[in-house]
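Novice: got a sequence here, can you build the structure:
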Amino acid sequence: MTVRTVGIIMNGVTGRMGTNQHLIRSIAAIRKQGGVLLPGGDVIMPNPILVGRNENKLRALADAHGIERWSTDLSACLANPEDKIYFDAQATTLRAESLRAAIQARKHIYCEKPTAPDLATALELARLARRAGVKNGAVQDMLFLPGLLKLQRTIQSGFFGRILSVRGEFGYWVFEDVQPLQRPSWNYKREEGGGIIVDMLCHWQYVLANLFGEVQAVSCLGATHIPQRIDEQGKPYACTADDAAYSTFELAGGIIVHFNSSWCVRVYRDELLTLQVDGTHGSAMAGLRECKVQSRVNTPRAIWNPDIPNTIDFRAEWMDVPNNAEFENAFKVQWELFLKHVVCDTPFPWDLVAGAKGVQLAELGLRSWQERRWLDVPDLSLKTE
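Specialist: Numbers count the residues shown, from 1 in each chain. Sure thing, here's the model as predicted:
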């Protein structure tokens, strides 16, 4: 057995998502399990160096998770030939400059979404990576959630017949004053890259494209329902970004999708994300971890009559899709796939072009809201040649 050590520059992992999902539950977890096992018996062992601006946070984070290396000097890290991968989880507004430097240093690129603050920059980064010949990827973690993997299995089985529509509900109440914040204040400041349209339409683009078909048109209405919130220092601030989005998408093949995304909604559903998929032969309700189905022959015969009590327990008529597998953390799964892509050249379709499609849809969503109209989604493949 040969251990194939891969140095990874991890920039921006002192934030909530970078710490919890990318460091603790992905890279540290991979190291703890003994690396990524390859078919021939070799092992890929990640060797991270944590990079950021706050020396105290970096040192504490490294010490807490057995990481030997950390630095506040990104340029010096990029100059080290032993570190082959550059990972970016910084705020979106800081990302492009660092990615350009990493590509110039011939590092393989893996980064959080949105990959850039605007489509032009996202396409520029994709082109730079392609011309430099470096492998590249964008985080698309929801594809590896247990509930969506079960939904994908159901789709591939032909269970639905012809899929007609998808209804998505995402969100929860983010406390704005008296209780501890669940999300950072920059999420509600457009000037700092905040807004639920920018955040979530990037997700919905790859979820819809991978499960159902490419998004061909979008109509989106945004809103800033809560005009003022309290920041991390306990001070009030004006919200300049949208905190809710009501979007309709037309997909290839004629599937219609409606998606409500909100940080101003109280949850009355089984999970924070639900997708109801309706087809001619059956329907499904999928969440982050679970997926339930109802076939055509098990569909109750509902009749509209508001004058008498309902006698049908609609929820009882649905069946669970079994796990039939062990599911791991979604971020960790994609990290392992990217490491194999870098070391073994295995396929990895979730590249910076795929990431740019998410930025494109978010931009079009914002423009649709501003112009109050439907917009077609142009094909990006021709623009990245």
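Novice: flag the shaky bits of the protein, pLDDT-wise.
Specialist: Along the chain, segments meeting pLDDT under 70 span 382-385.
Novice: mind listing what's buried along the lengthiest helix in the chain?
Specialist: Taking DSSP state H as the criterion, the chain has its longest helix at helix 352-371. Neighbour-count burial for helix 352-371 flags 352-366, 368-369 (criterion: 16 or more other C-beta atoms under 10 Å). Where you see a C-beta, it was placed from the backbone N, CA and C, and this is true even at glycine.
Novice: who are the packing partners of the next helix or strand after it?
Specialist: Using DSSP states H and E, the next helix or strand after helix 352-371 towards the C-terminus is strand 375-376. Where contact means 3 or more C-beta pairs under 8 Å, 6 or more residues apart in numbering; DSSP states H and E, strand 375-376 is packed against strand 215-223, helix 352-371.
Novice: which one, of those, ends up nearest to residue 109?
Specialist: Closest of those to residue 109 is helix 352-371, at 6.9 Å (criterion: C-beta to C-beta).
Novice: packing partners of the closest one?
Specialist: Contact partners of helix 352-371 among helices and strands, from 3+ C-beta pairs under 8 Å, 6+ apart: strand 108-111, helix 119-132, strand 136-138, helix 196-211, strand 215-223, strand 244-251, strand 375-376.
Novice: nearest to residue 176, of these?
Specialist: Of all the helices and strands packed on helix 352-371, strand 244-251 sits nearest to residue 176, with 13.1 Å by C-beta to C-beta.
Novice: which other helices and strands does that closest one contact?
Specialist: Secondary-structure packing of strand 244-251 (3+ C-beta pairs under 8 Å, 6+ apart): helix 196-211, strand 215-223, strand 256-262, helix 352-371.
Novice: ok, residues contacting it?
Specialist: By C-beta atoms under 8 Å, 6 or more residues apart in numbering, the list of residues contacting strand 244-251 from outside reads 171, 196-197, 200-201, 204, 208, 212-225, 256-265, 365, 369.
Novice: swap the cut-off to 7 Å and go again
Specialist: 196-197, 200-201, 208, 212-223, 225, 256-264, 365 (C-beta atoms under 7 Å, 6 or more residues apart in numbering).
Novice: what about the nearest residue in space to residue 91 that is not next to it in sequence, how many neighbours?
Specialist: Excluding its sequence neighbours, the residue lying closest to residue 91 (C-beta to C-beta, 6 or more residues apart in numbering) is residue 193, at 5.8 Å. The number of residues packed near residue 193 is 18, by other C-beta atoms under 10 Å.
Novice: residue contacts, residue 193?
Specialist: 91-93, 117, 186.
Novice: out of these, which are buried?
Specialist: For these, a burial check counting by 16+ other C-beta under 10 Å picks out 91-92, 117, 186.
Novice: walk me through the domains of the chain.
Specialist: Split into domains by automatic domain parsing, the chain comes to 3-141+330-351, 143-325+363-368.
Novice: so how far is the first one off the chain centroid?
Specialist: Relative to its parent chain, domain 3-141+330-351 has a centroid offset of 16 Å by C-alpha atoms, centre = their mean, to the nearest Å.
Novice: next: the last one.
Specialist: Per C-alpha atoms, centre = their mean, the displacement of domain 143-325+363-368 from the mean C-alpha position of its chain is 13 Å.
Novice: from now on call the first residue 102
Specialist: In the new count, where the first residue is 102, that last one comes out as domain 244-426+464-469.
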